[in-house]
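**Q** Quick check, what structure comes out for this input:
(chains A and B)
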There are 2 protein chains.
Amino acid sequence: MRVQAQRILVSSARKFINTGALSRLWNLVKNFHAADISSLMDHLIFRDKLILFNVILEKDVEKTGEVLSEIDPEDAASIIKELQLEQITELFQIVPSDDVASILDLLPDDFKESILNAMEEKPSEDVKGLLHYEEETAGRIMSPEFYALDHNTNVSDAKTAMQLEGDVESAFYLYAVDDENRLVGVVSLRQLLFAPPNTPLRDIMVKDVISVHPETDQEEVARYVADYNFVAIPVVDSESTLIGVVTVDDIIDVIDKEATEDIYKMVSLDTTDRIQDSAFKSIKKRLPFLMFSLITASLAPFVVNHFKDTIKEFVTLAVFLPLVMALGGIAGNQTIAIIVREIAIGQTNWLTARKALLKEILVGIGNGIIIGSILAVASSLLIQNPYLGLILGLAIIINLFIAALVGTLIPLFLKLIKLDPALGSVNLLTMCTDTIGVLSFLGLGTIFLEFFV
Amino acid sequence: MRVQAQRILVSSARKFINTGALSRLWNLVKNFHAADISSLMDHLIFRDKLILFNVILEKDVEKTGEVLSEIDPEDAASIIKELQLEQITELFQIVPSDDVASILDLLPDDFKESILNAMEEKPSEDVKGLLHYEEETAGRIMSPEFYALDHNTNVSDAKTAMQLEGDVESAFYLYAVDDENRLVGVVSLRQLLFAPPNTPLRDIMVKDVISVHPETDQEEVARYVADYNFVAIPVVDSESTLIGVVTVDDIIDVIDKEATEDIYKMVSLDTTDRIQDSAFKSIKKRLPFLMFSLITASLAPFVVNHFKDTIKEFVTLAVFLPLVMALGGIAGNQTIAIIVREIAIGQTNWLTARKALLKEILVGIGNGIIIGSILAVASSLLIQNPYLGLILGLAIIINLFIAALVGTLIPLFLKLIKLDPALGSVNLLTMCTDTIGVLSFLGLGTIFLEFFV
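**A** Predicted coordinates:
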């Protein structure tokens, strides 16, 4: 139903844009949530995105700001490049600072500077503060707006103070700080609603607040929020002073992004490669990885080259090469997927690594023996050569063992040298399983050659 | 630091369990958050999990309930099997109904029935209500507890009414219903905190609430929450009556689970296969998929078998077989990863499918021409045979084209026939690229054979 509605929506929007019916375009989208406008934009080419954006900007600056927060930062940056400086500063007054920071980061340095200089002082300072932290850290995704009051404040005064401060979007907690501005507790707005007016915050607050530092990796922040079922997590500096809050909506974006990155890195894809990119852009992004694949894939041919005489004498060996290679690759991919994913959701560290390695090796050998035996029997019956069946079975056992071994060690090793555990892991694995699979199969073939002919 | 602390924690817990120092075990964990106890349990064998669980149960039933919500439902079900009926009903009084439902679902039917009969009426009814819906739907993960009041109630009365109802955990909104109990609006607790006491809810509520039905797939619910930055989404029946609320913590679990499932299904893994499983259990889980792989991997050998004479005459062709196969597989995996992931995060539907297919084919041909040319030149220089270089280059172009074509079509086709787009996609792809890669390379080899010898 949602897809159906979207199809109609997209084709109407395109029609209105192409015929210049801009007021009809506005009527179409004016009651939409910013998220819906964002997903509509995903289906438009850039020129049309810009037209739609300008139509909304002309009619409703507030909504335009929301749209700018929702769309992909790369798209947002491209659109910003086409606007006047005054339009930009007006919009950046509305867009939350963390989103402004993500967009500015994608603009040329001099343009970024001139926008920051033209912005009003408060938002400009907030954004500069965020830009100061590394990408993909808590500091980058936190919002510098939150409710924080002294822990001696009573509930009634707290409500008044919060009301004076104005609405803080997606705030679900009031943080309590001590005389030296250190974070000492947290009160949910729900608790605040029900607490007697004279109670000081320190009597109802939860102490031992779990917090992160601005340098904390965003993935780690996401794990805390996921594990403890938080909707927000405070960010404190080295003096325990509260400097920001990471909210769950940003965490969901992080989790989505990291999951995509896991899959992409496993198969050696640039993490910014998107379906909407032009073919030319994607070719450029994938080519370096394919060149790398060309190198990793060139090892197995060298091994086969060594066994040319064996193949010439008993060409049936060549027939079964693809089978040995495919099964090793598939079993190794299974192991890699498990290890990468368990590392990502925080289940695996060095504590469990040895256990995991041992287990995967047992699984590899176990499945190798079963699949190898089936294959040995089947091929013996089919080819009428029991020796071929035997070496095929043995090669499968060896290859599934190798697949389990390198499939576990590659992600763990990549993690050890501080690289992403998924990075190019499937390429490296295929290189190992192809090469060792071919080597063991043709090696065994050469040893048993006298029995074949 | 977190890992370091956990390592010490796990080894202390094991020591206390093994030496029977159960009061020291309790002192170790008594101030822990349930999420921390849950991640400690992940590192213990089942017998030790049960000992730890019983220690906590004896000292603090409330905390035990929280732990039961946090741990994996499969673990929870295994533990429940070891408890007395009275202990179970006492715990299920505390555990949220949606978690109880997930656990009960994993127990034998007669045991499930006797637990439901022994439970007090209210929670038992709630759980039965949830069990009534299909797995992986909104109905299954929603909580039947929420704040809902008539839209004519004023703010002050609303606060009193909510206070009387008691604390509803992770409630961030008050829902407004009309005279016929239909959901008509939503008020955030933040708004409620600041609104003047005499204002009726209908004046401050947001109308046009986005809601889902209990049958809505949990992935779709997750997309709504992620797209609209909600912390909770109401679930209504066909009469628009509010029947539950799905909160963002459950959504994060769904997103994590679905991301893992995407990766697992791509490489043909059972989605319940975990690093903590015994080797025997994992062998059993992976074997059917490897048997399936045995079938998909057996197609290429048939093709090679057909070209035995060609290989016998020019055995260098066998040398390059692994290269053609590996490059096709790697390029195809890239395409599959992109399509599967974009379908998962809701970017791709039939609307964009044709565009995606065309683009991927262009990318495949483009990269094929570049990689194929490099390989053609390199191998010509190395082997001193320009014809071999030519057919190798051509085979790579064909195989990268096929990889793009089937890499796009497999997930889209699986989605069309209502299967998971990722399901076994890498196996099916490898089958196609291996077979067609080998066919085109050896086929071209046969045609050009006269030039080789």
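
**Q** Now find how far off-centre stretch A:18-34 is within its chain.
**A** The gap between where stretch A:18-34 is centred and where its chain is centred comes out at 33 Å by C-alpha atoms, centre = their mean, to the nearest Å.

**Q** so where is the stretch 301-450 of chain A shaky, pLDDT-wise?
**A** Applying pLDDT under 70 to the stretch 301-450 of chain A picks out residues A:346-351.

**Q** for the helix or strand hosting residue A:402, which positions count as buried?
**A** Following DSSP states H and E, one finds residue A:402 within helix A:386-416. By neighbour count on 16 or more other C-beta atoms under 10 Å in any protein chain shown, the buried set for helix A:386-416 is A:387-412, A:414-415. Using the backbone N, CA and C atoms, a C-beta is placed for each residue, glycine as well.

**Q** Which secondary structure element comes immediately after the host helix or strand of residue A:110 toward the C-terminus?
**A** Residue A:110 is part of helix A:109-118, with elements assigned from DSSP H and E. Per DSSP H and E, the first helix or strand lying C-terminal to helix A:109-118 is helix A:121-131.

**Q** Report the backbone C-alpha coordinates of the helix holding residue A:110 in PDB.
**A** Only the C-alpha atoms of helix A:109-118 are listed here, as PDB (Å, rounded to 0.1, in the frame of the first residue of the first chain):
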ATOM      1  CA  ASP A 109      36.600  24.700   3.200                       C
ATOM      2  CA  ASP A 110      36.300  28.300   2.100                       C
ATOM      3  CA  PHE A 111      32.600  28.000   1.500                       C
ATOM      4  CA  LYS A 112      32.200  26.300   5.000                       C
ATOM      5  CA  GLU A 113      34.100  29.200   6.600                       C
ATOM      6  CA  SER A 114      32.000  31.900   4.900                       C
ATOM      7  CA  ILE A 115      28.800  30.100   6.000                       C
ATOM      8  CA  LEU A 116      30.000  29.800   9.600                       C
ATOM      9  CA  ASN A 117      31.000  33.500   9.600                       C
ATOM     10  CA  ALA A 118      27.700  34.600   8.200                       C
END
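
**Q** That helix vs helix A:121-131, what angle?
**A** Angle, helix A:109-118 to helix A:121-131, by axes from the mean of the first three to the mean of the last three C-alpha atoms, to 10 degrees: 140 degrees.

**Q** Helix A:109-118 - what's its average pLDDT?
**A** Helix A:109-118 carries an average pLDDT of 91.

**Q** Can you list the buried residues in that helix?
**A** Using 16+ other C-beta under 10 Å as the test for burial, helix A:109-118 gives A:112, A:115, A:116.

**Q** Touching, the last one and residue A:124? I think so.
**A** Yes: with contacts defined as C-beta atoms under 8 Å, residue A:116 counts as touching residue A:124 at a distance of 5.4 Å.

**Q** ok, residue A:207 - contacts?
**A** Residues in contact with residue A:207 (C-beta atoms under 8 Å, 6 or more residues apart in numbering or on different chains) are A:184, A:185.

**Q** Quick check: the gap between it and chain B.
**A** Remark: distance between residue A:207 and chain B (C-beta to the nearest C-beta, to the nearest Å) = 11 Å.

**Q** Dihedrals phi and psi, that residue?
**A** Main-chain torsions, residue A:207, degrees, to the nearest 10: phi -90, psi -170.

**Q** what's the answer for residue A:243, then?
**A** Per degrees, to the nearest 10, the backbone of residue A:243 is at phi -120, psi -10.

**Q** for residue A:183, same thing?
**A** Backbone torsions of residue A:183, given as degrees, to the nearest 10, read phi -70, psi 120.

**Q** Return the set of residues that bridge with it.
**A** For residue A:183, the beta-bridge partners under DSSP bridges are residue A:177.

**Q** what sits against it?
**A** Here residue A:183 is in contact with A:148, A:175, A:176, A:177, A:209, A:211, A:234, A:236, A:240, A:241, A:242 (criterion: C-beta under 8 Å, 6+ apart).

**Q** wait, is residue A:433 part of a helix?
**A** Yes: looking at residue A:433 with DSSP: H, G, I helix; E, B strand; the rest coil, it is inside a helix.

**Q** Surely it is in contact with residue A:333?
**A** No: between residue A:433 and residue A:333 there is no contact under C-beta under 8 Å: 9.2 Å.

**Q** what's the offset of stretch A:114-131 from the middle of its chain?
**A** 28 Å.

**Q** Let's see which of the contacts of residue A:183 end up in strands.
**A** A:148, A:175, A:176, A:177, A:234, A:236, A:242 (DSSP state E).

**Q** The helix or strand containing residue A:265 vs chain B: in contact?
**A** Using DSSP H and E, residue A:265 sits in helix A:248-266. Yes: contact of helix A:248-266 with chain B (C-beta under 8 Å from any C-beta of the partner chain) involves A:248-249, A:251-253, A:255-256, A:259-260, A:262-264, A:266.

**Q** same check, this time on stretch A:94-103
**A** No: judged by C-beta under 8 Å from any C-beta, stretch A:94-103 stays clear of chain B, getting no closer than 10.7 Å.

**Q** Mind checking the pLDDT average for that stretch?
**A** What stretch A:94-103 shows for mean pLDDT is 89.

**Q** same check, this time on stretch A:199-207
**A** Mean per-residue pLDDT for stretch A:199-207: 93.

**Q** Tell me the buried residues in that stretch?
**A** Residues of stretch A:199-207 classed as buried: A:199, A:200, A:201, A:202, A:204, A:205 (neighbour count, 16+ other C-beta under 10 Å).

**Q** can you give me the helices in the stretch 201-350 of chain A?
**A** Under the criterion DSSP state H, counting those that start in this stretch, helices of the stretch 201-350 of chain A are mapped to A:201-204, A:218-228, A:248-266, A:279-296, A:299-306, A:308-313, A:316-344, A:350-383.

**Q** most packed of the ones you listed?
**A** Highest mean neighbour count of the helices of the stretch 201-350 of chain A: helix A:316-344, a mean of 27 (counted as mean count of other C-beta atoms under 10 Å in any protein chain shown).

**Q** Give me the residues contacting stretch A:39-57.
**A** With C-beta under 8 Å, 6+ apart as the test, stretch A:39-57 has contacts from A:6, A:9-10, A:13-14, A:17, A:22, A:25-26, A:29, A:32, A:37, A:63-64, A:67, A:71-72, A:75, A:78-79, A:82-83, A:87, A:91, A:276, B:227, B:346-347, B:351-352.

**Q** Sort out which of these are buried, if you could.
**A** Neighbour-count burial (16+ other C-beta under 10 Å) is assigned, among these, to A:6, A:9-10, A:13-14, A:17, A:22, A:25-26, A:29, A:32, A:37, A:63-64, A:67, A:71, A:75, A:78-79, A:83, A:91, A:276, B:227, B:346-347, B:352.
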